[in-house]
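J.: A predicted structure for the sequence below; I have some questions about it.
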Protein chains: 2
Amino acid sequence: MCAEKVRIALVQMVCEADPGANLKKACQRIEESAAQGAKIVCLQELFKTLYFCQTEEYEQFALSETVPGPSTDMLQKLAAEYEIVVVASLFEKRAGGLYHNTAAVIDADGSCLGKYRKMHIPDDPGFYEKFYFTPGDLGYRVFKTRYATIGVLICWDQWFPEAARLTVLQGAEILFYPTAIGWVSREASEEVRRPQLQAWMTIQQSHAIANGVYVAAVNRVGTEGELSFWGNSFVSDPFGQVTVTADECSEQILLEDCDLGKIAYYRSHWPFLRDRRIETYGELQRRYID
Amino acid sequence: MCAEKVRIALVQMVCEADPGANLKKACQRIEESAAQGAKIVCLQELFKTLYFCQTEEYEQFALSETVPGPSTDMLQKLAAEYEIVVVASLFEKRAGGLYHNTAAVIDADGSCLGKYRKMHIPDDPGFYEKFYFTPGDLGYRVFKTRYATIGVLICWDQWFPEAARLTVLQGAEILFYPTAIGWVSREASEEVRRPQLQAWMTIQQSHAIANGVYVAAVNRVGTEGELSFWGNSFVSDPFGQVTVTADECSEQILLEDCDLGKIAYYRSHWPFLRDRRIETYGELQRRYID
């Protein structure tokens, strides 16, 4: 197994009301990540804003922007300067009345490789995303960056094994999950909270195992209105072992060296891709088999 | 949420060379399970024999039997007598030269509801199953037993999220996984062994989470040749919390009361089935997207 280690950085932040201040902080964190040797940096979901989906308010659409647009312009310059890949989650304005939850992927030469639009959109008390975001229509994608072939999926996507599988089948070596997940304040007991955090980690570790791929989840921290974002950004190796975890409350740049050689190692020792019964999977396209 | 609790029993056993002795022991365990109030009992994978797939030997085909056949006849009588559902994994002889790794499902009135033939067949050092078993051709199935609608998947199937999903989409409330998994003796270090056990648990917990379903895994114990079967039979609730676990070395009847009301509770609070992007899942039927 040859050593092909790629250092990645996950930027776990507190956000404030001013998008400019959040963007500035994110840029500083990208510079710090580069200074620490990171080659790919991933920002948390909707890093430029507070998590505005806690309520349904028309004026919040003003927070959207085109992608590419002013934010990606700034990040592309930074990416080129530091020769670092940047994954940036933004509130995309596609047209008046048409918005997406989108991640742009910028290569280490500053070029924009493309974008992924969140495919699975939640809508639950405190997370009214179906009001804001049209479900993605670009499908599952991989981006051949200078340092690795990566896939990007966003938050709610993490609960769907189908999304991880479809991204890995295209060649992803690392799956990045920009995320904004937290506890609702009325659910204060640890008995309710711990299983939520554990389920969130378990399901993502399972994508690593099922697909023999690195998984990197980047979550926000801080309390915003009724939500306490639970941090715990982490990296799982291709056999589901969580190798690094950020803490629950504080800002952090989480670094990990991903050994891409481990992917083929685990996939040959646990050859699940070899044995999928693809001719029997057609009914996965059904809502329910009744 | 109404309380619809169903007590299940997982029979974790050591096997010996004599199939008759194993069958006798299994029958005793079924009686004991019934005496302890279990309504559904699941035996481990290939409970009648040693795990013969460690080598490729033509004479081992003599261990096979028809399903239904002599073993199911005996188990059906027991099921009727104790009004207990029995899931029994057997080496099925379908025709000369055509064999399956099959689980029969017997209802509490002693009738045979049908069988599931293992869909995903492993083949790795120590687990030469592709020599013995033709991949299943009955598809993923559910069985409407007197006490619950159950799905049965077998061992290697547990690594494939597709199999769990396809079974749950048909209405499964509990997924049973009869299993024979262990460590190979040359991999003696805990550093190698723990991640294997953890990955095995994690991937199955993830099926519970993604689908809002109970998962019950039944593994064997004991050392046979080069393999140490790792026990650790367990039950996960529909949010991925492991509520009971058997130990690593000894025989055990693991009991758990499954509250079927929790299924709708978790599926509505974490509504993943609502949000699947089924129109985008067609390429799951591809081997690789290249």
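T.: Received, thanks.

J.: point me to the residue of the stretch 51-200 of chain A nearest chain B.
T.: Across the stretch 51-200 of chain A, no residue is closer to chain B than residue A:161, which sits at 3.5 Å (C-beta to the nearest C-beta). For the C-beta atoms, the positions are set from N, CA and C on the backbone; glycine is no exception.

J.: show me what contacts that residue?
T.: Residue A:161 sits next to A:203, A:206, A:207, A:210, B:161, B:162, B:165, B:206, B:210 when contact means C-beta atoms under 8 Å, 6 or more residues apart in numbering or on different chains.

J.: which secondary structure elements does the lengthiest strand in chain A contact?
T.: Scanning chain A for the strand with the most residues, using DSSP state E, yields strand A:85-95. Packing partners of strand A:85-95 (3 or more C-beta pairs under 8 Å, 6 or more residues apart in numbering or on different chains; DSSP states H and E): strand A:40-43, helix A:70-82, strand A:98-106, strand A:149-152, strand A:174-178.

J.: save these as TSV, and put in mean pLDDT too.
T.: Conversion of these to TSV gives the following (pLDDT from 0 to 100):
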stretch	mean pLDDT
strand A:40-43	98
helix A:70-82	98
strand A:98-106	98
strand A:149-152	98
strand A:174-178	98
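
J.: dump those to JSON lines, plus mean neighbour count and distance to chain B.
T.: JSON lines is the format used below for the helices and strands packed on strand A:85-95 (neighbours: other C-beta atoms under 10 Å in any protein chain shown; distance: least, C-beta to the nearest C-beta, whole Å):
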{"stretch": "strand A:40-43", "mean neighbour count": "29", "distance to chain B": "22"}
{"stretch": "helix A:70-82", "mean neighbour count": "18", "distance to chain B": "25"}
{"stretch": "strand A:98-106", "mean neighbour count": "24", "distance to chain B": "13"}
{"stretch": "strand A:149-152", "mean neighbour count": "24", "distance to chain B": "12"}
{"stretch": "strand A:174-178", "mean neighbour count": "29", "distance to chain B": "14"}
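
J.: isn't residue A:68 right next to residue A:105, touching?
T.: No. Counting by C-beta atoms under 8 Å, residue A:68 stays clear of residue A:105, with 11.1 Å between them.

J.: circling back: which pLDDT value goes with the residue of the stretch 51-200 of chain A closest to chain B?
T.: Per-residue pLDDT puts residue A:161 at 98.

J.: that one and residue B:67, how far apart?
T.: Separation of residue A:161 from residue B:67 (C-beta to C-beta, to the nearest Å) stands at 31 Å.

J.: skip the chain neighbours and tell me the closest residue to residue A:123.
T.: Nearest non-adjacent residue to residue A:123, counting by C-beta to C-beta, 6 or more residues apart in numbering or on different chains: residue A:130, 3.8 Å away.

J.: C-alpha coordinates for the one helix or strand the one you found maps to, PDB please?
T.: Element membership of residue A:130, judged by DSSP states H and E, is helix A:129-132. Taking C-alpha atoms only, helix A:129-132 is exported to PDB below (Å, rounded to 0.1, in the frame of the first residue of the first chain):
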ATOM      1  CA  GLU A 129     -35.800  24.000   4.700                       C
ATOM      2  CA  LYS A 130     -38.500  23.000   2.300                       C
ATOM      3  CA  PHE A 131     -39.700  26.600   2.400                       C
ATOM      4  CA  TYR A 132     -36.300  27.900   1.300                       C
END
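
J.: buried residues in that helix, which are they?
T.: Within helix A:129-132, the residues that qualify as buried are A:129, A:132, counting by 16 or more other C-beta atoms under 10 Å in any protein chain shown.

J.: just stretch A:190-199 next, same as before
T.: Quick answer for stretch A:190-199 (16+ other C-beta under 10 Å): A:193, A:195, A:196, A:197, A:198, A:199.

J.: of those residues, which ones also sit close to chain B?
T.: Residues of those in contact with chain B (C-beta under 8 Å from any C-beta of the partner chain): A:195, A:198, A:199.

J.: please give the centre-to-centre distance between the helix or strand containing the first one and its chain.
T.: Meaning residue A:195. Using DSSP H and E, residue A:195 falls within helix A:190-211. Distance of helix A:190-211 from its chain centroid, counting by C-alpha atoms, centre = their mean, to the nearest Å, is 15 Å.

J.: that one packs against which elements?
T.: When contacts are defined as 3+ C-beta pairs under 8 Å, 6+ apart, helix A:190-211 sits against helix A:161-168, strand A:174-178, strand A:182-184, strand A:214-218, strand A:234-236, helix A:272-275, helix B:190-211.

J.: among these, which comes closest to residue B:220?
T.: helix B:190-211 (13.3 Å; C-beta to C-beta).

J.: average pLDDT for the closest one?
T.: On average, helix B:190-211 scores 97.

J.: and the angle from it to helix A:190-211?
T.: 110 degrees (axes from the mean of the first three to the mean of the last three C-alpha atoms, to 10 degrees).

J.: now helix B:190-211 against strand B:174-179, angle please.
T.: Relative orientation of helix B:190-211 versus strand B:174-179 (the same axes, to 10 degrees): 150 degrees.

J.: once you drop chain neighbours, what's closest to residue A:124?
T.: In space, residue A:124 is closest to residue B:271, 7.2 Å off (C-beta to C-beta, 6+ apart).

J.: what does residue A:259 give?
T.: Of all residues not flanking residue A:259 in the chain, residue A:5 sits nearest, at 5.1 Å (C-beta to C-beta, 6+ apart).

J.: tell me who's in contact with that neighbour.
T.: Residue A:5 neighbours (C-beta under 8 Å, 6+ apart): A:257, A:258, A:259, A:260.

J.: could you dump these to TSV with pLDDT, secondary structure and neighbour count?
T.: Formatted as TSV, the contacts of residue A:5 follow (pLDDT from 0 to 100; DSSP: H, G, I helix; E, B strand; the rest coil; neighbours: other C-beta atoms under 10 Å in any protein chain shown):
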residue	pLDDT	secondary structure	neighbour count
A:257	98	strand	15
A:258	98	strand	25
A:259	98	strand	17
A:260	98	coil	19
